[in-house]
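Participant: coords please:
(2 chains)
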Amino acid sequence: MIKIKNLSVKYQGKNKDTLALDNLNININTGDIYTFIGPSGCGKSTFLYVLSGILKDYSGSISIDGKTINPKTQRIGLVLQNYGLLPWKNVLSNIMLGIKIKNDKPVLDEYGRYILKQLGIDNLLDRYPRELSGGQQQRVAIARAFILKPDLLLMDEPFSALDAITREEIQELFLNIWKKNQVTTVFITHSVDEALYLGSKIVVFSPSPGRVLKVLDNPCFKLDNLRFRDEYYSMSMELRKIVSRG
Amino acid sequence: MITKVLSKSKWQGSLYSFVVIISLWHLISLLLNLPIVPSPLTVFANIIEIFTAKIEIHVFYSLSRIIKGIAISIFLGVPLGFLMGYFNKIDRLFSPLVYFTYPIPKIALLPIIMVLFGLGEASKLIMIVLIVIFQIIITSRDAVRDIPQETFRSLQSLGASRLQIFTEIILPASLSEVLTATRLALGTAISILFFTEIFGTEYGMGYFIMDSWMRVNYLDMYSGIVILSFMGFCIFVAIDIAEKYICSWK
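Facilitator: Numbering: from 1, shown residues only, chains lettered A, B, ... in the order given. Down below sits the predicted model:
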């Protein structure tokens, strides 16, 4: 369980400080995907940077299974909108980067090979990122995160730069892999559709400064052919109402 | 890999420039018909004749001075530039000094350097380093600064140490720019080399060219100029190949 208590983040401006996150309280159950949705500028990304240990200037407390969050001791997988691959490393080295930093042996084991095969990138290992399409780069980033076997997987609008067809394809692919390796996941999105499709729980953020408006159980999660069902439609309407009310 | 580096078009380009320059030179020598502008053909014939006996040793001295000078500049300049680019505090300390001293024509300090460090090798190397190092410091610093913040995110979230961030990101991200700066610095280094070799030495291409000039041996003088230019070209191409090889991901 990830416990977040009274989390506030202030950005120092020229004249005054701006509050990005205002007294956030939420518990994230182990082995669930939480999709966080809210208007742009509501502090979703700030929240993710705090969880990933990039932003250290916050008040309040965050703990994973009772231990204070710390990227040095915990394994945190991060997948970003711009993929976060290093252009001077080929696909294999990029994928092994997480493991290498954690001082494990950077060799591809059976699990690793399985993930690569699932993502359909097992034949691209010696390519460089610039030689890949956006969708392929994002698959590499996802592979890197899963191969790390993280305690917590963080995803910051990872599919929003992809075209619609690739996006749906990769959402499904991600969900398939996730179902077989149920990593606790925080998934930031601004798309209602994506929040419904990928989240077992949906957290709605208020406009800036970010507060948790509502945490919803998502009845649609794990339904097959979700996008063609009535439940999806009605849930989507409900969610849209909550988001737009602010 | 090698075939990619030594691409056909590049060789054709070099060959083309060579032919154009030599033809122009030949044309001028025919038009002027003076001993101060000998024909390139006689110069090349002269090079073949005297290279091992007279020029080789000078090439060796000049080459070693250039390589040492650039190596010292990289060895000192790149780490300082990296530190300045990564740590704001260090940048605030050194930047004003670098900016203030960069535009000073350091070749004017040659007499002082010679008085302080003698007429030998030390003052020649110091002169090259003094002039070349600034370009390398500034380029290294800017290269580190230009790395987008997002590039660091993945490693930060993995809890990477400073050393890991350095070896995985800073070094590979800025290597290509450092090599470009080195290539540019090379031109400057050769001019300074020539200047410093006029004094206090009997070895080096600078000495050879000036000595031939004094002895009114224009053929030898031209041979020296051609060899010095060729030497510069070779190092230039070597760095070019190194860059293509090391930065093959680009």
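Participant: any idea which helix or strand of chain B has the worst average confidence?
Facilitator: Least confident helix or strand, chain B: helix B:2-5 with a mean of 50, by mean pLDDT, DSSP states H and E.
Participant: after that helix comes which helix or strand?
Facilitator: Per DSSP states H and E, the first helix or strand lying C-terminal to helix B:2-5 is helix B:8-32.
Participant: ok and the following helix or strand past that following helix relative to helix B:8-32, angle-wise?
Facilitator: Note on helix B:8-32: by DSSP H and E, the next helix or strand toward the C-terminus is helix B:40-50. In terms of direction (axes from the mean of the first three to the mean of the last three CA atoms, to 10 degrees), helix B:40-50 departs from helix B:8-32 by 110 degrees.
Participant: Determine the longest helix present in chain B.
Facilitator: helix B:56-86 (DSSP state H).
Participant: by contact count, what packs against that helix?
Facilitator: For helix B:56-86, the packing partners by 3 or more CB pairs under 8 Å, 6 or more residues apart in numbering or on different chains; DSSP states H and E come out as helix B:88-101, helix B:121-145, helix B:171-196, helix B:205-214, helix B:218-246. (Glycine included, C-beta is placed from N, CA and C.)
Participant: repeat that for 6 Å
Facilitator: helix B:88-101, helix B:121-145, helix B:171-196, helix B:205-214 (3 or more CB pairs under 6 Å, 6 or more residues apart in numbering or on different chains; DSSP states H and E).
Participant: Average pLDDT for the first one, rounded please.
Facilitator: If you average the pLDDT over helix B:88-101, you get 91.
Participant: Enumerate the positions of it that are buried.
Facilitator: For helix B:88-101, burial by neighbour count (16 or more other CB atoms under 10 Å in any protein chain shown) applies to B:91, B:94, B:98.
Participant: pretty sure the first one is touching residue B:82, no?
Facilitator: Going back to what we said before, that points to residue B:91. No. In this structure residue B:91 lies outside contact range of residue B:82 using CB atoms under 6 Å: 10.8 Å.
Participant: Tell me who's in contact with residue B:192.
Facilitator: Counting by CB atoms under 6 Å, 6 or more residues apart in numbering or on different chains, residue B:192 makes contact with B:127-128, B:131.
Participant: Mind doing that once more with 10 Å?
Facilitator: Residues near residue B:192 by CB atoms under 10 Å, 6 or more residues apart in numbering or on different chains: B:65-66, B:69, B:106-107, B:110, B:124, B:127-132, B:206.
Participant: again with residue A:121
Facilitator: A:91-92, A:95, A:115, A:127, A:132, A:136-137, A:139-140, A:142-143.
Participant: Kindly recompute the last result at 7 Å.
Facilitator: A:91, A:136, A:139-140, A:143 (CB atoms under 7 Å, 6 or more residues apart in numbering or on different chains).
Participant: buried stuff in the helix or strand containing residue B:112?
Facilitator: Using DSSP H and E, residue B:112 sits within helix B:110-117. Using 16+ other CB under 10 Å as the test for burial, helix B:110-117 gives B:110, B:113-114.
Participant: now stretch B:177-192
Facilitator: Using 16+ other CB under 10 Å as the test for burial, stretch B:177-192 gives B:177-186, B:189-190, B:192.
Participant: Tell me the residues of chain A that contact chain B?
Facilitator: Proximity of chain A to chain B, by CB under 7 Å from any CB of the partner chain, involves residues A:52-54, A:71-72, A:76, A:78, A:80, A:82, A:84, A:86-88, A:98, A:101-102, A:128.
Participant: Try it again at 8 Å.
Facilitator: Chain A has residues A:52-54, A:70-74, A:76-78, A:80, A:82, A:84, A:86-90, A:97-98, A:101-102, A:128, A:130, A:144, A:148, A:154 near chain B, with proximity defined as CB under 8 Å from any CB of the partner chain.
Participant: Which residues of chain B lie near chain A?
Facilitator: Counting by CB under 8 Å from any CB, chain B sits next to chain A at B:150-151, B:153-160, B:164, B:168-169, B:172-173, B:247, B:249-250.
Participant: can you put the buried residues of helix B:88-101 in a markdown table and add distance to residue B:218?
Facilitator: Output for the buried residues of helix B:88-101, formatted as a markdown table (distance: CB to CB, whole Å):
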| residue | distance to residue B:218 |
| --- | --- |
| B:91 | 51 |
| B:94 | 47 |
| B:98 | 43 |
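Participant: Can you tell me which of those comes closest to chain A?
Facilitator: Closest approach to chain A among the buried residues of helix B:88-101 (CB to the nearest CB): residue B:91, at 20.3 Å.
Participant: And the pLDDT for the nearest residue to the closest one once chain neighbours are set aside?
Facilitator: Nearest residue to residue B:91, sequence neighbours excluded (CB to CB, 6 or more residues apart in numbering or on different chains): residue B:84, at 4.3 Å. The confidence metric pLDDT takes the value 94 at residue B:84.
Participant: Return the residues in contact with the most centrally placed residue in chain B.
Facilitator: Compute the mean C-alpha point of chain B, and by CA atoms, centre = their mean the closest residue is residue B:186, 1.4 Å away. Contacts for residue B:186 (CB atoms under 8 Å, 6 or more residues apart in numbering or on different chains) come out as B:66, B:70, B:232, B:235-236, B:239.
Participant: what's the pLDDT at it?
Facilitator: Note on residue B:186: pLDDT of 88.
Participant: Could you measure from it over to chain A?
Facilitator: From residue B:186 across to chain A, the span is 24 Å (CB to the nearest CB, to the nearest Å).
Participant: Let me see the ranges of the strands in chain A.
Facilitator: Secondary structure of chain A (DSSP state E): strands at A:2-12, A:17-28, A:33-37, A:59-64, A:67-68, A:76-79, A:152-156, A:185-189, A:201-205, A:212-217.
Participant: now those in TSV, with mean neighbour count?
Facilitator: Listed next are the strands of chain A as TSV, based on neighbours: other CB atoms under 10 Å in any protein chain shown:
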stretch	mean neighbour count
strand A:2-12	16
strand A:17-28	17
strand A:33-37	25
strand A:59-64	15
strand A:67-68	10
strand A:76-79	26
strand A:152-156	24
strand A:185-189	24
strand A:201-205	23
strand A:212-217	16
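Participant: With distance to residue B:36 as added columns, please give the ones you listed in TSV.
Facilitator: Shown next, in TSV, are those (distance: least, CB to CB, whole Å):
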stretch	distance to residue B:36
strand A:2-12	69
strand A:17-28	73
strand A:33-37	80
strand A:59-64	80
strand A:67-68	80
strand A:76-79	69
strand A:152-156	70
strand A:185-189	75
strand A:201-205	81
strand A:212-217	86
